[in-house]
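Participant: Curious how this folds, go ahead:
(one chain, ligands or ions: 2)
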Amino acid sequence: MEQPRVLRWFDVQSVPGDYRFPLEDRPGRLPIPLCDAVPVIDLHKSTTSPEKWSMVRQIVEASQEYGFFQVINHGVSEDVVRETSTVFKEFFNMYAEGKKGTSASDGDLSRGWIYMNSSSVFAKDGIHLWRDNVKLACHPLEECMQGWPPKPTRYREVVATYVEEMRRLSGRILELICEGLGLEAGYLERLSQVQLVVGNYYPPCPDPSLTLGLLKHCDPSLITILLQEGNACGLQVLHNGKWIGVAPLPNALVVNIGNQLEIISNGKLKSAEHRAVTNSYEARISIATFINPSHNSIVEPAKVLVDELNPPRYAPTLYKDFAHTSKVASTEATKPPAPLDS
Ligand SMILES: O=C(O)CCC(=O)C(=O)O
Ligand SMILES: [Fe+2]
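Facilitator: Ligands and ions are numbered 1, 2, ... in the order given. Model prediction:
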């Protein structure tokens, strides 16, 4: 006999009141241009001098102007990306269908993972995001992965491979940024010990003008690498006061500068505000890898970037304190770092 269909929180004809954001937050009906201005940087040609320098320059310029860029020929195989997208899709379908025991306390991040169903959390003033999400602790990987969801069957194995690939790619991008900023080799790698993966699932929404998948925020990381699964557009970046869409491109990954790197670069690189909007026709999945300092690191402007003419623009902060403050204020809405001279 056929099982009765489980109603999911997003199986609705119109947007419930507790998913409608106030006017100042909601995206509204104005079309947002999909932008090819956010630079797409080819990482393939990276080892020899003139080409490597051109790549370093493109990364620094994009990080100054937009705080965002996309990378292609990044060395992460298409198979790894495809399999990772597939196991996250399977995971979210299982959980949206109300897998037994699902609740905000289903997992515990200190033991490896936490799953949040949209209806179990508020983003702001009693309003929910149009999003389910799962957070996976990844450091140290061997230990953390034993605590990850046991299903779908290949989830742990596939995601662990993805995490290793992201570690390698982020290390490479951070080295290029070190060169671009004039920091000694390894400076950023030493500060980037902790990795966190967050899978976001944005189901189709009957009226995307009222809802948000993610409120406007900055990432509290050093850098973030984002995999946009499928063809639906959802990521928007604030640039000179206007929202622009970052289109998913085949085999590309989106990289953005987080608050910690803005501070270390003494404001040279920008941690840009961004948000995720929903659409009415298909579910969208994104997988964010946050590269973070360890909790006991002190994050401050790099000494070589500071002198009499360029005084430090940010106070030194213990990352643990920063992470705590942004958690209390809801990580969804982390603000840009506050400069001392503003
Ligand atoms: O889903 C997206 O496009 C954005 C995700 C994001 O900004 C985040 O997870 O911090
Ligand atoms: Fe983000």
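
Participant: CA atoms for contacts and neighbours, from now on please.
Facilitator: OK.

Participant: State the pLDDT value of whichever residue of the chain sits closest to ligand 1.
Facilitator: The chain approaches ligand 1 most closely through residue 235 (3.9 Å), counting by C-alpha to the nearest ligand atom. Per-residue pLDDT puts residue 235 at 96.

Participant: Phi, psi for it please.
Facilitator: Here is the backbone geometry of residue 235 (degrees, to the nearest 10): phi -80, psi 130.

Participant: what's the answer for residue 305, then?
Facilitator: Dihedral angles (degrees, to the nearest 10) for residue 305: phi -100, psi 0.

Participant: same check, this time on residue 81
Facilitator: phi -60, psi -40.

Participant: Secondary structure element holding the nearest residue to it once chain neighbours are set aside?
Facilitator: Residue nearest to residue 81 in three dimensions, not counting chain neighbours: residue 162, with 7.4 Å by C-alpha to C-alpha, 6 or more residues apart in numbering. In the assignment (DSSP states H and E), residue 162 maps to helix 155-181.

Participant: Return the residues in contact with the residue of the chain closest to ligand 1.
Facilitator: Residue 235 makes contact with 245, 246, 247, 274, 275, 276, 277, according to C-alpha atoms under 8 Å, 6 or more residues apart in numbering.

Participant: Between these, which sits nearest residue 321?
Facilitator: residue 274 (23.1 Å; C-alpha to C-alpha).

Participant: For residue 236, see how far away that closest one is.
Facilitator: Residue 274 is 6 Å from residue 236, where distance means C-alpha to C-alpha, to the nearest Å.

Participant: Provide a list of residues in contact with residue 288.
Facilitator: So residue 288 contacts 197, 198, 199, 200, 224, 225, 226, 227 (C-alpha under 8 Å, 6+ apart).

Participant: try it again with 7 Å
Facilitator: Residues counted as contacts of residue 288 (C-alpha atoms under 7 Å, 6 or more residues apart in numbering) are 197, 198, 199, 224, 225, 226, 227.

Participant: so the nearest residue to the third one once chain neighbours are set aside, which of the three states?
Facilitator: Computed as C-alpha to C-alpha, 6+ apart, the closest residue to residue 199 that is not its neighbour in sequence is residue 287, at 4.4 Å. With DSSP: H, G, I helix; E, B strand; the rest coil as the basis, residue 287 sits in strand.

Participant: was I right about residue 287 contacting residue 200?
Facilitator: Yes. Contact criterion C-alpha atoms under 7 Å: residue 287 and residue 200 qualify, at 6.2 Å.

Participant: Comparing these two, which residue is more hemmed in?
Facilitator: residue 200 (24 against 21; other C-alpha atoms under 10 Å).

Participant: picking up where we left off before, is there a neighbour count for the closest residue to the residue of the chain closest to ligand 1 other than its chain neighbours? I'd like the number.
Facilitator: Spatial nearest neighbour of residue 235, excluding adjacent residues (C-alpha to C-alpha, 6+ apart): residue 276 at 4.7 Å. For residue 276, the neighbour count with other C-alpha under 10 Å is 24.

Participant: could you pull out the strands for the stretch 201-342 of the chain?
Facilitator: 214-217, 223-229, 235-239, 242-246, 253-257, 274-276, 284-292, 298-299, 317-318 (DSSP state E, counting those that start in this stretch).

Participant: Residue 32 is nearest to which of these?
Facilitator: Comparing the strands of the stretch 201-342 of the chain by C-alpha to C-alpha, strand 242-246 comes nearest, at 6.0 Å.

Participant: Taking strand 235-239 as reference, get the angle to the closest one.
Facilitator: 140 degrees (axes from the mean of the first three to the mean of the last three C-alpha atoms, to 10 degrees).
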